[in-house]
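Build me a model from this:
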Amino acid sequence: MTALRTLIAGELAEPVDTRVSAMAAAVAGQHGAASLAVLFYGSCLREKQLDGLMLDFYLIVSDYPSAYAKRWLATANRLIPPNVFPFAHDGLAAKYAVLSMADFQALNLPTASTVSVWARFAQPVRMVWSAGDDVSEKIVGAVASAPVTLTELAKPMANNADADAIWRAGFALTYTCELRAERNNRSGSIIDSDPERYAQISAALPEIREVSRDTAETRWSSLRRHGKLMSVMRLAKASLTFAGGIDYIAWKINRHAGTSIEIRPWQRRWPLLGAVTLVPQLFLSGAIK
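Just a heads-up that it's a prediction; the model follows:
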């Protein structure tokens with residue numbers, strides 16, 4: 001096992017609150033034998049008090065048709081990955097995203113069409129439920145691809161500076177590739193939360209493929225265009241896969257951006273149309289960039 005895979009495997013195996021593990025097992029149970037692994041990520045990893053927060057999970061499944069009783073959900077997950085669902089267990093609230101193992105592996109590579117997966121899994125993550133050792137090995141390999149991808153694409157944009165500058169440039173650039181409600185300093189705070197961790201990951205990286213500045217700029221431009229489009233499509237889809245999805249969208253934006261967006265009755269009645277028409281309002285208000 002390479003130094004990077006060893007580091008990632010150790011990080012994935014770090015213990016979490018027992019309630020998180022119990023919730024992860026319950027999430028896996030929602031999708032039966034198709035469930036392969038549950039990953040816990042996001043800001044809640046750093047929190048000891050979980051009550052009142054919304055935990056973030058990724059559920060990795062064998063394939064979409066096996067994961068759903070309804071065909072349209074499998075089709076939606078394949079065409080606009082991932083599907084995202086709300087979940088509650090033992091007094092805690094969460095949301096979980098569903099990806100097939102094949103999509104999870106592909107979306108952590110430099111060839112991925114969006115940053116949405118590798119940008120998140122270049123950050124700390126825990127594997128809180130797994131169907132077995134074979135699955136765990138695949139998860140380790142996929143997650144280990146994420147910091148390689150970020151470094152390869154960010155290094156030329158940071159003028160080949162030191163590791164800290166590359167991480168900061170990389171996360172800042174990923175924030176331009178999605179509709180993000182977080183404030184501008186959010187990407188830097190990711191590194192500041194655990195600078196030693198990112199230094200260790202950088203020291204363990206394999207040899208990174210050299211990419212020219214022009215090639216990197218073209219790649220980031222493509223990621224921005226496609227990423228913003230996919231963000232709008234996921235926003236609209238979440239209004240259907242989430243119970244009260246449009247209210248959740250408004251709550252999250254208000255929480256991160258300090259806005260006071262209110263959902264109108266007609267938007268609740270027609271959530272798909274309401275979600276789409278919400279996007280221009282968010283841009284005009286500065287809630288998302």
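
Relative to residue 157, how far out is residue 173?
Counting by Cβ to Cβ, to the nearest Å, the gap from residue 173 to residue 157 is 6 Å. Bear in mind the C-beta positions are built from the backbone N, C-alpha and C, glycine included.

Touching both of the two, which residues are there?
Listed contacts common to residue 173 and residue 157 are residue 220; contacts here mean Cβ atoms under 8 Å, 6 or more residues apart in numbering.

Low-confidence stretches in the stretch 151-289 of the chain?
Along the stretch 151-289 of the chain, the model assigns pLDDT under 70 to residues 180-187, 239-289.

Setting aside sequence neighbours, what's the nearest residue to residue 26?
Of all residues not flanking residue 26 in the chain, residue 89 sits nearest, at 4.7 Å (Cβ to Cβ, 6 or more residues apart in numbering).

my guess is the one you found meets residue 21, correct?
No - when contacts are counted by Cβ atoms under 8 Å, residue 89 is not listed as touching residue 21 (10.8 Å).

which residues touch stretch 36-43?
With contact meaning Cβ under 8 Å, 6+ apart, stretch 36-43 is reached by 12, 16, 20, 24-25, 27-28, 55-62, 96, 101, 120-121, 123-131, 135-136, 139, 143.

ok, which stretches of the stretch 101-250 of the chain are helices?
With DSSP state H, counting those that start in this stretch, the ranges of helices along the stretch 101-250 of the chain come out as 101-106, 118-121, 133-154, 163-175, 186-192, 195-204, 213-241, 245-257.

And those helices: which comes nearest residue 5?
The closest of those to residue 5 is helix 133-154. By Cβ to Cβ, the value is 5.0 Å.

Show me what that closest one is packed up against.
For helix 133-154, the packing partners by 3 or more Cβ pairs under 8 Å, 6 or more residues apart in numbering; DSSP states H and E come out as helix 3-12, strand 35-41, helix 101-106, helix 118-121, strand 125-130, helix 163-175, helix 195-204, helix 213-241.

quick revisit: filter the contacts of stretch 36-43 to the buried ones?
12, 16, 20, 24, 27-28, 55-62, 96, 101, 120-121, 123-131, 135-136, 139, 143 (16 or more other Cβ atoms under 10 Å).

before we move on, the earlier item: state the number of residues packed around the residue nearest to residue 26.
Applying other Cβ atoms under 10 Å, we find 17 other residues in the vicinity of residue 89.
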